[in-house]
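Participant: fold the following for me, if possible:
(4 chains)
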4 protein chains.
Amino acid sequence: MIVILKPNATKEKRDQLIQKIQSLGLSVHLSEGEHTTLLGLIGDTSAIDPAKLESVEIVDAVRRVSEPYKLCNRQFHQEDTVVNAGGVPIGGGYFTVIAGPCSVESEQQILYTAERVQAAGARLLRGGAFKPRTSPYAFRGLKAEGIELLLEAKKKTGLPIVTELTSLEHLDLFNDVDVIQVGARNMQNFDMLWELGKCKKPVLLKRGLSSTIREWLMSAEYICAGGNPNVILCERGIRTFETETRNTLDLSAVPVLKKKTHLPVLVDPSHATGHADLIIPLAKAAVAAGADGLMIEVHPDPVNALCDGAQSITPDTFDKLMQQVRAYCALENKVCE
Amino acid sequence: MIVILKPNATKEKRDQLIQKIQSLGLSVHLSEGEHTTLLGLIGDTSAIDPAKLESVEIVDAVRRVSEPYKLCNRQFHQEDTVVNAGGVPIGGGYFTVIAGPCSVESEQQILYTAERVQAAGARLLRGGAFKPRTSPYAFRGLKAEGIELLLEAKKKTGLPIVTELTSLEHLDLFNDVDVIQVGARNMQNFDMLWELGKCKKPVLLKRGLSSTIREWLMSAEYICAGGNPNVILCERGIRTFETETRNTLDLSAVPVLKKKTHLPVLVDPSHATGHADLIIPLAKAAVAAGADGLMIEVHPDPVNALCDGAQSITPDTFDKLMQQVRAYCALENKVCE
Amino acid sequence: MIVILKPNATKEKRDQLIQKIQSLGLSVHLSEGEHTTLLGLIGDTSAIDPAKLESVEIVDAVRRVSEPYKLCNRQFHQEDTVVNAGGVPIGGGYFTVIAGPCSVESEQQILYTAERVQAAGARLLRGGAFKPRTSPYAFRGLKAEGIELLLEAKKKTGLPIVTELTSLEHLDLFNDVDVIQVGARNMQNFDMLWELGKCKKPVLLKRGLSSTIREWLMSAEYICAGGNPNVILCERGIRTFETETRNTLDLSAVPVLKKKTHLPVLVDPSHATGHADLIIPLAKAAVAAGADGLMIEVHPDPVNALCDGAQSITPDTFDKLMQQVRAYCALENKVCE
Amino acid sequence: MIVILKPNATKEKRDQLIQKIQSLGLSVHLSEGEHTTLLGLIGDTSAIDPAKLESVEIVDAVRRVSEPYKLCNRQFHQEDTVVNAGGVPIGGGYFTVIAGPCSVESEQQILYTAERVQAAGARLLRGGAFKPRTSPYAFRGLKAEGIELLLEAKKKTGLPIVTELTSLEHLDLFNDVDVIQVGARNMQNFDMLWELGKCKKPVLLKRGLSSTIREWLMSAEYICAGGNPNVILCERGIRTFETETRNTLDLSAVPVLKKKTHLPVLVDPSHATGHADLIIPLAKAAVAAGADGLMIEVHPDPVNALCDGAQSITPDTFDKLMQQVRAYCALENKVCE
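Facilitator: Numbers count the residues shown, from 1 in each chain, chains lettered A, B, ... in the order given. Alright, predicted model coming up:
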């Protein structure tokens, strides 16, 4: 961490600051330029709050030189993490597709969808039981009953299931769920992250709508720091000024993350774009960019879907998607069953 | 709501769609142009999900023509709402300042700060007991003890208290809190909003980092729809590409909100800018823009603050702020005690 | 175009507005709902300024229902445009790679690079002679001499050349240039667009840093409206809050553009990411997303490049890129020589 | 400037890099931490391109510690610059209002508006002769005739005039113009900035739609570096995800600029918001935030304005605006005639 001092900083105040920093167990390198004086902080700065240092009267600005996350930092953990998601590997040379409806709506809907996506090559089933909705007047999911229906589909097909936790008070219902999804809006729900760090269940952590890659990795670090290393990252689009797509899918984040972390990285083109006809091209692009898998919304009857129909594709379209994705995985030497 | 059909929509499919819409209790006006055919939906469309309509094969796009919120819409409720915050009015001609430290740190710190901000003219005391922090390695608040200390300060000074709820499981601790704050990261924590709709306590709802004004009002609608009309909005900066300030304070949102809703609107320049020396100019600008009050971080010793020191001002600076703010309130005919 | 009236609009003022709109040669459909009255404008609204209508006292808002561009709109021109770029086809089933250094620096540099990128499969040579630079103290290109050197490289290799025009006053120097590039910062330099509409030379129009897809197509429309249909679009990243990459490459824009326009679409991962090691994965992703080609910065000695070294790849890396891109083009049935 | 090396950098390559930096006339301080090695560059780094350093194989990242602009940096020039704009002072304790129509449309329109805004207290007259328009089908200004009409209004009223230059080829027409406006879209038209540095006429430099404060000051630096110190900055809103306003007015930029530069700072709430009814509150907020003046669109008949009518206010509304602004200027001890 580099501390840039103001031009008018007195030697006395500078020495006080240096002593204070040293009292935190860090060494300080002083570097005096013509117009600028810097302090280089040497040691473990991950618990230092740059904002706190910036509040010191003689400090002009603070620049981080190392990432504030450790457990999910590839620098300290070179090999890819492979998460065991109910028996299915995610990361490290595998390409894993999670598919299913936005919301679980009925027994017939979820069973039929599960069978179709499994036949096409999906390895996990997704489906929302608790749905975050912008409007208080919209359908908010079947809740406990939705989880029951997912478990029934799991029993019939053998597919492990992924579903979203929207509030810690529902956690007891997730005992037999294979992967707990933390949605974009909860990416910085730190109480939730901390609690999920205490269980060992894989957590699929979606990127927040306006979260930087660093903030996202800090949220992953929360879960890891609690003792749970089974974190799967999922890029799902960020909010920008462009309105032709629901969000802007940030595919560059995939190779950036592959450098910075050992955790697996999935891509969700359904939520990112919000348009069914953009999903196949962007699913293929995700393979090309180096993703470890996909999360895709599939609905047997998108027009009548109770939620997010516009971005769901039909099982027939999902068949085509999987065929094309497999051809791309072959080029990338990824194992896609 | 306007539904724009694709150029190749057949009459048969169009008629099916019209019937479907009519079955939802709405009337449909058909309008055929040279290149474009539109359906105008007449009736209460607040429960209609535009994304669902966009998923219909023959639909090109959907445009809302009325706001999807009703209870907090000024169109249906002309007079300003004045929220009773522990005996202090917020909204409707009053200018109310909430001040206090980012985090409650000790008895001495909170009592001293409470006395100083009260003497300067603040009408409510803020202080964080549960703190959302980006890093798992940072100080996360005194929790239950922090609330105890706030209540003690309330007893000594008579100032009603405002503090943030980060998770519903802590709600029992908030019985004697006067205003529950929902932080930016929880603005779309719909389970929390729904639950807060069931109590009658005033809720201070901060704007999400990347939330539109419409989404923000939909979150207010959640609370109102649950039965709690005591919602106070608080603009605290949005995320943009600019990095000189922590966030970009969107002061235009104040007059926009005054047109769209009857709810009171506060401004928090501390979190918006992240720099102590920007707070006085932007506090005054907030008065000028038409805000109903301010939320200001004040700390007796910003350099040693355990959290967010860079953006806290000292009690002495707060004295100056209040003097200047009062002069501006006089120009705006706002009652600022 | 839909005009939404304010709730308090009188019948008299409404009738005046309707007459005014009719006087512009448009028909008006009136649609009265319970809370909202709408006017639907039927006819050619491309010359109507929505802002002007919104300024009418009784108007609440205006919504476009058809795109304001015509000449580059796929709705009125179904087949892909194939631009002839100095003998090389761009668009319509071809996958065309443009490569070369950010800046032309010396005869040896540009000739060597030209030969290497040609050998690897690039079909056009790029190189900056006039360079837009953020700092007045940075290298701004060899100017006229740079164009001379590009023409020499063209003579030696036969590769058509692409170079950027930063000001109309240099246009005379571009007579033998095959494709004129309009940079991101000039995407809305309407004087320049208008002037380029008068020549017949292909124009490579980069997307502005914060331009929507609609604005970008309106800029293409400027060139087409002047009489020059030879426009090539090039996505090069948009500005967002994320700072790990120089810009955020918006690959979703590729399939969106393929729906909306018949013009060819290239992708420039070099400027988008600003990091050499992200270029190969995003180049492949661009093929997958449906792009018609790439624009890649290649420099024989990136470390000593006078400009933008960080994002340039070496000729050896470009060889690898082309091998991988060709494999992807085969999957997409694109002709990539 | 701080150079952060990659963990695997060899001593040999590090020494080569240090020698290379020293050959540029800079000193290097080496600082080795447990996980990170840094090079501190001491000396004038304003001509160093961080991107170039980042392209060196062993370099992980580069952080600036001093601003890359010098001539417009308050650190080296403490006193406020007061620009003489055709006899009217801008900056340094004066509060100067520029007003007039978006476009000059007719003799009667510009003369009437000039007289009205002068009577209300505006000190300069604005009016567009060359108009940048998103659509090729929209009105693009009266051009040379527009400038003639402005000069006529100047002769009648004595008000100095401000008008926008959209292309260098029109510069000859600007001989009698008092202040040349560079619009948001040309903020990084470096050929234009360079050319304007050669004249001594005041330049009103609007902020680009997605330009950072640092980039904006670098554009000001271009003009100053050419020899013209008469630069006036004008904040006019930045592009964000929010769509209720045309742009998001960044009022925090005002106090930030006052710290960083000695140049005067104006605010244009008309373009920022795009809505006439938001202009008075935000004009007052600009005074409160510390601006040196305003730029306001005034039109005698906004509904029939040929351009940007929605954001223009009438002369009567402008009268009210000036009354309120004067009261605010009195609080700020600003001279507003």
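Participant: quick check: chain neighbours aside, which residue is closest to A:Thr10?
Facilitator: Of all residues not flanking A:Thr10 in the chain, A:Ile58 sits nearest, at 7.5 Å (Cβ to Cβ, 6 or more residues apart in numbering or on different chains). Quick note: C-beta positions are derived from backbone N, CA and C, even for glycine.
Participant: tell me how many other residues crowd the one you found.
Facilitator: Counted with other Cβ atoms under 10 Å in any protein chain shown, residues neighbouring A:Ile58 total 17.
Participant: do you know the pLDDT at it?
Facilitator: Looking at A:Ile58, its pLDDT stands at 85.
Participant: over to A:Arg246?
Facilitator: Note on A:Arg246: pLDDT of 92.
Participant: list the residues that contact it.
Facilitator: Applying Cβ atoms under 8 Å, 6 or more residues apart in numbering or on different chains to A:Arg246 gives the contacts A:237, A:271-275, A:311.
Participant: repeat for A:Leu111
Facilitator: A:Leu111 touches A:152-153, A:156, counting by Cβ under 8 Å, 6+ apart.
Participant: pull out the buried residues from those.
Facilitator: A:Ala153 (16 or more other Cβ atoms under 10 Å in any protein chain shown).
Participant: run a quick neighbour tally on the residue of the stretch 51-200 of chain A found nearest chain B.
Facilitator: Residue nearest to chain B within the stretch 51-200 of chain A: A:Ser55 (3.4 Å; Cβ to the nearest Cβ). A count of neighbours around A:Ser55, defined by other Cβ under 10 Å, yields 23.
Participant: ok, it touching B:Ile313?
Facilitator: No: in terms of Cβ atoms under 8 Å, A:Ser55 does not count as a neighbour of B:Ile313; the distance is 10.3 Å.
Participant: need the overlap of contacts for these two.
Facilitator: Taking Cβ under 8 Å, 6+ apart as the contact rule, the neighbours common to A:Ser55 and B:Ile313 are B:276, B:302.
Participant: any idea how far A:Leu171 is from A:Lys201?
Facilitator: 10 Å (Cβ to Cβ, to the nearest Å).
Participant: sorry, slip of the keys, the one I care about is A:Gly25.
Facilitator: From A:Gly25 to A:Leu171 the distance is 37 Å (Cβ to Cβ).
Participant: neighbour-wise, which of these two wins?
Facilitator: A:Leu171 (15 against 9).
Participant: need phi/psi at the more buried one.
Facilitator: Taking degrees, to the nearest 10, you get phi -60, psi -30 for the backbone angles of A:Leu171.
Participant: show me where chain A has its strands.
Facilitator: Assigned by DSSP state E, the strands in chain A fall at A:2-5, A:27-32, A:37-42, A:59-63, A:83-85, A:88-90, A:96-100, A:124-126, A:161-164, A:179-182, A:203-206, A:231-235, A:265-267, A:293-297.
Participant: select, out of those, the one closest to C:Ala85.
Facilitator: Taking Cβ to Cβ, strand A:265-267 is the member of the strands of chain A nearest to C:Ala85, at 32.9 Å.
Participant: now the angle from the top helix by length along chain A to strand A:96-100?
Facilitator: Taking DSSP state H as the criterion, chain A has its longest helix at helix A:315-331. Interaxial angle, helix A:315-331 versus strand A:96-100 (axes from the mean of the first three to the mean of the last three Cα atoms, to 10 degrees): 170 degrees.
Participant: touching chain C at all, helix A:315-331?
Facilitator: Yes: Helix A:315-331 lies within reach of chain C by Cβ under 8 Å from any Cβ of the partner chain, at A:324, A:327-328, A:331.
Participant: contact residues of the stretch 101-250 of chain A facing chain D?
Facilitator: Residues of the stretch 101-250 of chain A lying close to chain D (Cβ under 8 Å from any Cβ) are A:239-241, A:243.
Participant: go again using 7 Å as the cut-off
Facilitator: In this structure, the stretch 101-250 of chain A approaches chain D at residues A:239-241, judged by Cβ under 7 Å from any Cβ of the partner chain.
Participant: which of those are buried?
Facilitator: Among these, those classed as buried by 16+ other Cβ under 10 Å are A:239-241.
Participant: could you pick out which of the residues you listed are near chain C?
Facilitator: Within those, those near chain C by Cβ under 7 Å from any Cβ are A:240-241.
Participant: let's have the buried ones among the residues of the stretch 101-250 of chain A next to chain D in CSV, adding distance to B:Ile48 and pLDDT.
Facilitator: Shown next, in CSV, are these (distance: Cβ to Cβ, whole Å; pLDDT from 0 to 100):
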residue, distance to B:Ile48, pLDDT
A:Arg239, 23, 97
A:Thr240, 26, 97
A:Phe241, 26, 96
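Participant: if we can go back for a sec, what angle sits between the longest helix of chain A and strand A:293-297?
Facilitator: Using the same axes, to 10 degrees: helix A:315-331 against strand A:293-297 is 170 degrees.
Participant: with just CA atoms, put helix A:315-331 into CSV.
Facilitator: Output of helix A:315-331 as CSV, limited to C-alpha atoms (Å, rounded to 0.1, in the frame of the first residue of the first chain):
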residue,chain,number,x,y,z
PRO,A,315,-35.9,-27.2,-24.5
ASP,A,316,-35.6,-27.4,-28.3
THR,A,317,-33.4,-24.3,-28.4
PHE,A,318,-31.4,-25.6,-25.5
ASP,A,319,-30.7,-28.8,-27.5
LYS,A,320,-29.2,-26.7,-30.2
LEU,A,321,-27.2,-24.6,-27.7
MET,A,322,-25.7,-27.7,-26.2
GLN,A,323,-24.7,-29.1,-29.6
GLN,A,324,-22.9,-25.9,-30.5
VAL,A,325,-21.4,-25.4,-27.0
ARG,A,326,-19.9,-29.0,-27.2
ALA,A,327,-18.2,-28.2,-30.5
TYR,A,328,-16.6,-25.1,-28.9
CYS,A,329,-15.6,-27.1,-25.8
ALA,A,330,-13.8,-29.5,-28.0
LEU,A,331,-11.7,-26.6,-29.4
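Participant: for chain A, which spans come out with low pLDDT?
Facilitator: Low-confidence segments of chain A, defined by pLDDT under 70: A:303-310.
Participant: pop the domain breakdown of chain A in here.
Facilitator: Listed domain ranges for chain A are A:2-63, A:83-331 (source: automatic domain parsing).
Participant: tell me which of these sits nearest to C:Val162.
Facilitator: domain A:83-331 (23.7 Å).
Participant: endpoints of that closest one, how far apart?
Facilitator: 23 Å (Cα to Cα, to the nearest Å).
Participant: A:Val28: what's it in contact with?
Facilitator: Neighbouring residues of A:Val28 by Cβ atoms under 7 Å, 6 or more residues apart in numbering or on different chains: A:18, A:21-22, A:39-41.
Participant: distance to chain B and neighbour count for the contacts of A:Arg246 - can I get that in CSV?
Facilitator: As requested, those are exported to CSV (distance: Cβ to the nearest Cβ, whole Å; neighbours: other Cβ atoms under 10 Å in any protein chain shown):
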residue, distance to chain B, neighbour count
A:Gly237, 12, 26
A:His271, 11, 22
A:Ala272, 14, 26
A:Thr273, 12, 26
A:Gly274, 7, 21
A:His275, 8, 22
A:Gln311, 7, 27
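Participant: and of the residues of the stretch 101-250 of chain A next to chain D, the nearest to D:Lys11?
Facilitator: So of those, ranked by how close each gets to D:Lys11 (Cβ to Cβ), first place is A:Thr240, at 43.3 Å.
Participant: hang on, the earlier thing: which of the residues of helix A:315-331 next to chain C sits closest to B:Lys11?
Facilitator: Using Cβ to Cβ, A:Gln324 is the member of those that lies nearest B:Lys11, at 34.6 Å.
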